[in-house]
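Enquirer: Return atomic coordinates for the entry below.
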Amino acid sequence: MKCPICASPKLLPFVQQDEWCFSQCVDCQFAFLNPMPTQAQLNGLYEDDRGITATHYPKAASRRLRSLMRALRLLPWCWRKSAIDLGCGGGFMVNALQRMGAAASGLDVNAQAIAYARAQFPACRFYSESFNAFEATQTFDFVYCSELIEHVSELSEFMQMLRKLTHLKSRVYITTPDLGSQQVPQPITEWDVFVPPHHVQFFKEANLAQLFRQYGFEQEKRFPDRKAGLKVLFRRVA
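Expert: Okay, here's the model as predicted:
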């Protein structure tokens, strides 16, 4: 197997937890489950979240408030723009983007989460599909993608979807755990986000930017984060 980002064959064992084994690329430092579960297997995990129903979403009030605060920080890129939240959960960020003046939509594989979102935020549009089954009828000015890419087993399909969803000068906002942060504990198995197979890969800023460059995006801005997280804005350039 070669590195999914840089195609280097130079892979080393990284860490093992239970039956889950991670490899790391010597050249770009990307770390990923090897062997990798299929996306269908992973989607089954996310669909079976029993704390979510059509009438209840855990910590809904705090999620709504945090989403509004995040949307305020992203106002320059989403105001009066078309926007979509990939992995939108209960629709809190979609609602927040709508309140910031965006025409907002959301996509999530969890049917119960989408049922909740549609009931709570009827002014927004929601799709209950996996990303590799989603056929968008439009492109978007702004794509919000928070804590999703670490769940994706098929990176090339995911990036191709981002290409289909965007046009020149579209922005994509990505958040994901930062393997390069000095706050990552040692051993890494004590990191609260190290939860295979829910999280199947871990990025550093450089290899995340390298991945996006391959699909026609350039890094525009990195936002500060108090924890070991990457928050990066990319712009579609090609």
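Enquirer: Now do the SS call for Lys169.
Expert: strand (DSSP: H, G, I helix; E, B strand; the rest coil).
Enquirer: Would you agree it is in contact with Arg235?
Expert: Yes. Between Lys169 and Arg235 there is a contact at 6.5 Å, judged by CB atoms under 8 Å. Every C-beta, even on glycine, is put in place using the N, C-alpha and C of the backbone.
Enquirer: who has more neighbours, the two?
Expert: More neighbours surround Arg235 than the other of Lys169 and Arg235, with 18 against 9 (other CB atoms under 10 Å).
Enquirer: That one falls within a helix, correct?
Expert: No. Per three-state DSSP, Arg235 lies outside any helix segment and is strand.
Enquirer: Now it. Nearest residue, chain neighbours left out?
Expert: Distances taken as CB to CB, 6 or more residues apart in numbering place Glu220 nearest to Arg235, at 4.6 Å, with adjacent residues excluded.
Enquirer: who does the helix or strand hosting that neighbour pair up with?
Expert: Following DSSP states H and E, one finds Glu220 within strand 217-222. Strands flanking strand 217-222 in the sheet, each with its direction: strand 229-236 (antiparallel) (DSSP bridges).
Enquirer: for the helix or strand hosting Tyr116, packing partners?
Expert: When elements are assigned from DSSP H and E, Tyr116 belongs to helix 111-120. If you count contacts as 3 or more CB pairs under 8 Å, 6 or more residues apart in numbering; DSSP states H and E, helix 111-120 packs onto strand 103-108, strand 125-128.
Enquirer: okay, those in a markdown table with mean neighbour count, mean pLDDT and distance to Cys6 next?
Expert: Shown next, in a markdown table, are the helices and strands packed on helix 111-120 (neighbours: other CB atoms under 10 Å; pLDDT from 0 to 100; distance: least, CB to CB, whole Å):
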| stretch | mean neighbour count | mean pLDDT | distance to Cys6 |
| --- | --- | --- | --- |
| strand 103-108 | 25 | 97 | 28 |
| strand 125-128 | 19 | 96 | 32 |
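Enquirer: Please identify which of the ones you listed is closest to Gln201.
Expert: When the helices and strands packed on helix 111-120 are compared by CB to CB, strand 103-108 sits nearest Gln201, at 19.8 Å.
Enquirer: what angle do the helix or strand of the chain with the lowest mean pLDDT and strand 103-108 make?
Expert: The least trusted helix or strand in the chain, going by mean pLDDT, DSSP states H and E, turns out to be helix 39-47, with a mean of 76. Per axes from the mean of the first three to the mean of the last three CA atoms, to 10 degrees, the angle that helix 39-47 makes with strand 103-108 is 110 degrees.
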